[in-house]
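Peer 1: Got a predicted structure plus its sequence, pasted below:
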Amino acid sequence: MKKKNQVFLTSVLAGTLVLSSIAPAGFAHDALDGSSKGERMPFDHDALEMLGDPAEEGSKNLKFLHEAGSAQIQEMDGVQNNTADVYAHKGFAYLGTHTANGANGGVRIFDLKDPKNPQEIAQFAHDVPHTWQEKVIVKSVNTPNFKGDLAVVSLQQTSRNNANRPDSIGGALLYDVTDPYNPERIGFYELDRRITGTHELYLTTQGNQALMLLSNPYADYYTGGAERDFQIIDVSDPTNPEKLWEFDPRELAEVDENFNGYHWSSPDGKTRPVFNHSVITDNNGQYAYVSMWDLGTVIFDIRDPENAKYLGRTEFADDQKGAAHSAALARGGTVLIETREVASPHGAGYESAYGYTRIFDIKDKTNPVLLSEFTTDLTYDFSTPVNTFAKTVHDPKVQGNTLYLSYYSGGVISVDITNPSEPVEIGRYTPDQADVWGVFVDRNYVLASDMGQGLKVLLKNNDNRSNNNRLNN
């Protein structure tokens, strides 16, 4: 695999991870809670010293994308929460919420029958005290124990293992949303209270078996090995989730048995954080793509979910901060999109750039080959010299040959990846005060979750008439 500088670790299995014994520090923005020992709070996207000022100038009608509808999430008990990720299923949008104003904003369901006027119809998953619900995945499931639409929701504590909050716990909630107007809680996979919780998660099926995949950052560290960062859970019976398999990045090579932290002294001489931030699978649930920050996107064969197997991973140049944040697939699972959430400043020895997108050929999943790196005008814009995530890429989604990227203050950027070796920006949606966390492509429209403004429904200008006709039928 060609890289612009000498890369670290050609194969994890061919070498040894040398990990330090220092306690976690300088982790990703939203991976740790703030309890004792100087640990960082979950990243608060309302803190302008971290996010930077929202874009005060924007356009709702930029080339190829325009805003067809918008809706702020409703207040709950007089509290205005902010949004996190967005998902869609059968004409309904599902918005997770972040930590603003005390968290516990739950998941909000919007009816998109009229995309110009989305209607919030239900709230759920907000009943565990002192938690936030960032990620929600919804799929149709047909198992011997459940037939219908199943929603899985990530649950994170706002303060990990807090003695003053004994009823707070992290993990994953499971809901029957076959009737989206009346979501019903049917299961809860609880994690050890010493873990913040499940940060992101995914839901897939293999025949008549339903699987939930969890990203539990620093689980092994906090529990002394009792729990692991990456877990595969059988939710074929959603009322009784059952753990099938789990993995910790230290299993990839021999390490000091006294290791008690998640810092990797990598071959390039840098100390790099390694933890599980996010996970997706292909449409058939055969392969899992796990975003393990500076270890890269790690690929597993999960066709036998009780005996998953490591296949390969992406790698970084010496001067690149890793920060493998999220992933998406294209070309029938032969192309991998990897987004990297990198803030400013960057630290000595690293390139001066915010996080950008990398595209890999993964026909051979044991050896991902870098095809291209997609940057924007934001990538090298340091006009605001503060510690900020505002100009980094965040989440990717793909429809056909178009890649959609959420970009915080940059809004939503669409990219033509017909030739994945030469990605080309073809559209951008950047509203006033943009703070776009998530993006999702559903049928003929693109959904965006703006942390401060709620749900955005976007249409393509070049197909406006046909899109509106189809959406209203």
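Peer 2: Okay, I see it. Predicted model only: the values in this text are computed from it and were never measured.

Peer 1: who's in contact with A122?
Peer 2: 108-109, 180-183 (Cβ atoms under 8 Å, 6 or more residues apart in numbering). C-beta coordinates here come from the backbone N, C-alpha and C atoms, glycine included.

Peer 1: of all those, which two lie farthest apart?
Peer 2: With Cβ to Cβ as the measure, no two of the contacts of A122 lie farther apart than R108 and N182, at 14.4 Å.

Peer 1: between those two, which one's more packed in?
Peer 2: Set R108 next to N182 and count neighbours by other Cβ atoms under 10 Å: R108 wins out with 29 against 11.

Peer 1: For P238, give me phi and psi.
Peer 2: Backbone torsions for P238, taken as degrees, to the nearest 10, come to phi -60, psi -20.

Peer 1: Specify the beta-bridge partners of A434.
Peer 2: Beta-bridge pairing for A434 (DSSP bridges): A55.

Peer 1: again with the one 4 residues further on
Peer 2: Note on G438: beta-bridge partners by DSSP bridges are S449.

Peer 1: give me every residue that touches it.
Peer 2: Here G438 is in contact with 83-86, 394-395, 406, 448-449 (Cβ under 8 Å, 6+ apart).

Peer 1: Can I get the strand ranked longest in the chain in CSV? Just the C-alpha atoms.
Peer 2: Longest strand in the chain, counting residues (DSSP state E): strand 147-157. Extracted C-alpha coordinates of strand 147-157, given in CSV (Å, rounded to 0.1, in the frame of the first residue of the first chain):
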residue,chain,number,x,y,z
LYS,A,147,-41.1,-9.7,13.8
GLY,A,148,-41.3,-6.0,13.2
ASP,A,149,-39.2,-2.8,13.2
LEU,A,150,-36.5,-2.8,15.8
ALA,A,151,-34.7,0.3,17.1
VAL,A,152,-31.4,0.1,19.0
VAL,A,153,-30.2,3.2,20.9
SER,A,154,-26.8,3.9,22.3
LEU,A,155,-26.8,5.0,26.0
GLN,A,156,-24.0,6.9,27.7
GLN,A,157,-23.7,8.3,31.2
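
Peer 1: helices or strands up against it?
Peer 2: In terms of contacts (3 or more Cβ pairs under 8 Å, 6 or more residues apart in numbering; DSSP states H and E), strand 147-157 is packed against strand 92-97, strand 131-132, strand 136-142, strand 171-176, strand 200-206, strand 209-215.

Peer 1: Format these as TSV; extra columns: mean pLDDT and mean neighbour count.
Peer 2: Formatted as TSV, these follow (pLDDT from 0 to 100; neighbours: other Cβ atoms under 10 Å):
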stretch	mean pLDDT	mean neighbour count
strand 92-97	98	27
strand 131-132	98	28
strand 136-142	98	20
strand 171-176	98	24
strand 200-206	98	23
strand 209-215	98	25
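
Peer 1: Indicate which one of those is closest to H325.
Peer 2: Shortest distance between H325 and the helices and strands packed on strand 147-157, using Cβ to Cβ, is found for strand 200-206: 9.5 Å.

Peer 1: okay, the angle between the closest one and strand 171-176?
Peer 2: Counting by axes from the mean of the first three to the mean of the last three Cα atoms, to 10 degrees, strand 200-206 lies at 50 degrees to strand 171-176.

Peer 1: who touches G170 in this structure?
Peer 2: If you count contacts by Cβ under 8 Å, 6+ apart, G170 has them with 131, 155-157, 160, 190-191, 193, 195-198, 216.

Peer 1: Next, the nearest residue to it once chain neighbours are set aside: phi, psi?
Peer 2: In this structure, G170 finds its nearest non-sequential neighbour in G197, 2.0 Å apart by Cβ to Cβ, 6 or more residues apart in numbering. Here is the backbone geometry of G197 (degrees, to the nearest 10): phi 150, psi -160.

Peer 1: May I have the beta-bridge partners of G197?
Peer 2: Beta bridges link G197 to Q156, judged by DSSP bridges.

Peer 1: per-residue confidence at it?
Peer 2: With respect to pLDDT, G197 scores 97.

Peer 1: can you check R470 too?
Peer 2: At R470, pLDDT is 33.

Peer 1: And for G34?
Peer 2: pLDDT, read off for G34, is 37.

Peer 1: try V7
Peer 2: In this prediction, V7 carries a pLDDT score of 36.

Peer 1: Same question for V441.
Peer 2: 95.

Peer 1: Using CSV, write out the CA atom coordinates for the helix or strand hosting it.
Peer 2: Element membership of V441, judged by DSSP states H and E, is strand 436-442. Taking Å, rounded to 0.1, in the frame of the first residue of the first chain, the C-alpha atoms of strand 436-442 are listed here in CSV:
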residue,chain,number,x,y,z
VAL,A,436,-24.4,19.7,11.3
TRP,A,437,-23.7,16.5,13.3
GLY,A,438,-25.2,13.7,11.1
VAL,A,439,-26.3,13.0,7.6
PHE,A,440,-28.5,10.2,6.2
VAL,A,441,-29.7,9.4,2.7
ASP,A,442,-33.2,8.0,2.4
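
Peer 1: Can you tell me how far the nearest residue to T204 once chain neighbours are set aside is from R443?
Peer 2: Among residues not flanking T204 along the chain, G285 sits closest, at 3.7 Å (Cβ to Cβ, 6+ apart). G285 sits 22 Å away from R443, going by Cβ to Cβ, to the nearest Å.

Peer 1: Which of these two has more residues huddled nearby?
Peer 2: Taking neighbours as other Cβ under 10 Å, G285 and R443 compare with G285 leading, 20 against 14.

Peer 1: residues touching the more buried one, list them.
Peer 2: Counting by Cβ under 8 Å, 6+ apart, G285 touches 204-206, 211, 302.

Peer 1: can you check I302 too?
Peer 2: By Cβ under 8 Å, 6+ apart, the contact set of I302 is 211, 213, 232, 281, 285-288, 308.

Peer 1: Sort out for me which of those residues are in helices.
Peer 2: Among the contacts of I302, the subset assigned to helices under DSSP state H is empty.

Peer 1: which one of those residues is nearest F360?
Peer 2: Set against F360, the nearest of those by Cβ to Cβ is Y287 (13.3 Å).

Peer 1: per-residue confidence for W264?
Peer 2: On the pLDDT scale, W264 gets 74.

Peer 1: so where's the chain shaky on pLDDT?
Peer 2: Within the chain, the stretches with pLDDT under 70 are 1-63, 253-262, 345, 385-387, 461-473.

Peer 1: Pull out the buried positions in stretch 295-310.
Peer 2: By 16 or more other Cβ atoms under 10 Å, the buried positions in stretch 295-310 come out as 295-302, 305, 308, 310.

Peer 1: circling back to that earlier point, now go through the contacts of I302 and say which are in strands.
Peer 2: Using DSSP E, the contacts of I302 in strands are 211, 213, 232, 281, 287-288.

Peer 1: Looks like S278 contacts A288 (just checking).
Peer 2: No - assessed by Cβ atoms under 8 Å, S278 is found out of contact with A288, at 10.8 Å.

Peer 1: would you list every one of the strands in the stretch 351-473 of the chain?
Peer 2: 357-361, 369-374, 396-399, 402-406, 412-416, 424-429, 436-442, 445-450, 454-459 (DSSP state E, counting those that start in this stretch).
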